[in-house]
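# Sequence and computational prediction follow.
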Amino acid sequence: MPDVFQVLKQDHDEVKAMLAQLEEGPRASAGATAEQLAFRKSAVDKVIIEESKHEAAEQMYFWPAVKQLGPDGQRIAEVGLEQEAEADPVLADLDKLQPDDEGFEARLAVFAAAARAHITYEEANAWPLLRASISADEAEALGDKITRAKKLAPTRPHPHVPAQPGAAKSAGSAVNGRARPTSHGPSGPGDGTDQVQKSPDSARRCAVISCGWQVKTRTSRPSIRLL
């Protein structure tokens, strides 16, 4: 069974490969045909889907596990979550635009740079800390949770969903799988659905998946600037 690092590495490599393909592909400004632009839109849609699922699964299990690892884990997780939150509005914009629309290529370039920076940060900071803190069995269990979460995760970013109060903290849930039930979930109090952690020092927004889970995301003022 692949562990958490192998699962996330595969996701990261796939996203980087898709972005490289998009950067090499023909653009509307360079005279791309309608067929080529349709393929470009399809490729961007695939990036949006895979990135949205990846982020949702990380926010449900990976970042909560990192946050449990003391002050360093808390700090690293907060930066990682902030990076993901800043990319969400850019992905949402790309989802609405066509390849020949003004601003499409600028937003794609912004997202590509942000995604690569985030991957580098996560692998260089969060992974070593987590790797040194969990056993091989725990790493495999966490990888399995992330893999399963991706199958039910949202396929689009949700940058404008308002924060929902009442989220419970659950120490040890990310690795050991003991997430507390949602106190005020979509099915009402005490419905037994999983609830991810919310930090008291930062606002969170929750995108409710059809399975009843609530995937933690963040609201923040985007710092990404479009050129």
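That came in fine, so what should we check first? Numbering: from 1, shown residues only.
# Going by C-alpha atoms from here, please, whenever you check contacts or count neighbours.
Noted.
# Determine the longest helix present in this structure.
Of all segments of type helix in the chain, defined using DSSP state H, the longest is helix 70-96.
# residue ranges of the strands in the chain, please?
Remark: strands assigned in the chain by DSSP state E are 204-208, 214-218.
# Mean pLDDT lowest where, among these?
Sorting the strands of the chain by mean pLDDT places strand 204-208 lowest, at a mean of 33.
# which stretches of the chain form helices?
Using DSSP H, helices in the chain cover 4-24, 34-57, 63-67, 70-96, 104-121, 127-131, 136-152, 173-176.
# Poorly predicted segments of the protein, please.
For the chain, the stretches with pLDDT under 70 are 158-227.
# And the longest helix of the chain, what's buried?
Under the neighbour-count criterion of 16 or more other Cα atoms under 10 Å, helix 70-96 has 73-74, 76-78, 80-92, 94-95 buried.
# coming back round to it: just the helices of the chain: most buried one?
helix 63-67 (a mean of 25; mean count of other Cα atoms under 10 Å).
# which residues does the nearest residue in space to residue 6 that is not next to it in sequence contact?
Among residues not flanking residue 6 along the chain, residue 143 sits closest, at 7.7 Å (Cα to Cα, 6 or more residues apart in numbering). Listed by Cα atoms under 8 Å, 6 or more residues apart in numbering, the contact set of residue 143 reads 2, 3, 4, 5, 6, 7, 8.
# export these to CSV and tack on distance to residue 107?
Below are those laid out as CSV (distance: Cα to Cα, whole Å):
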residue, distance to residue 107
2, 34
3, 33
4, 30
5, 29
6, 29
7, 27
8, 24
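# any idea how far the residue lying closest to residue 136 once chain neighbours are set aside lies from residue 56?
Once flanking residues are discounted, residue 136 sits nearest to residue 3: 7.6 Å by Cα to Cα, 6+ apart. Going from residue 3 to residue 56 by Cα to Cα, to the nearest Å gives 18 Å.
# do residue 23 as well
25 Å.
# Kindly provide the distance from the spatially closest residue to residue 32 that is not a sequence neighbour to residue 121.
With sequence-adjacent residues excluded and distances taken as Cα to Cα, 6+ apart, residue 32 is closest to residue 26, at 5.4 Å. Remark: distance between residue 26 and residue 121 (Cα to Cα) = 30 Å.
# now do residue 68
Residue 68 is 18 Å from residue 121, by Cα to Cα.
# can you check residue 41 too?
28 Å.
# Could you do residue 102 as well?
31 Å.
# What of residue 101?
With Cα to Cα as the criterion, residue 101 and residue 121 are 31 Å apart.
# what does residue 105 give?
Counting by Cα to Cα - residue 105 and residue 121 are separated by 24 Å.
# How about residue 110?
Computed as Cα to Cα, the residue 110 to residue 121 distance reads 17 Å.
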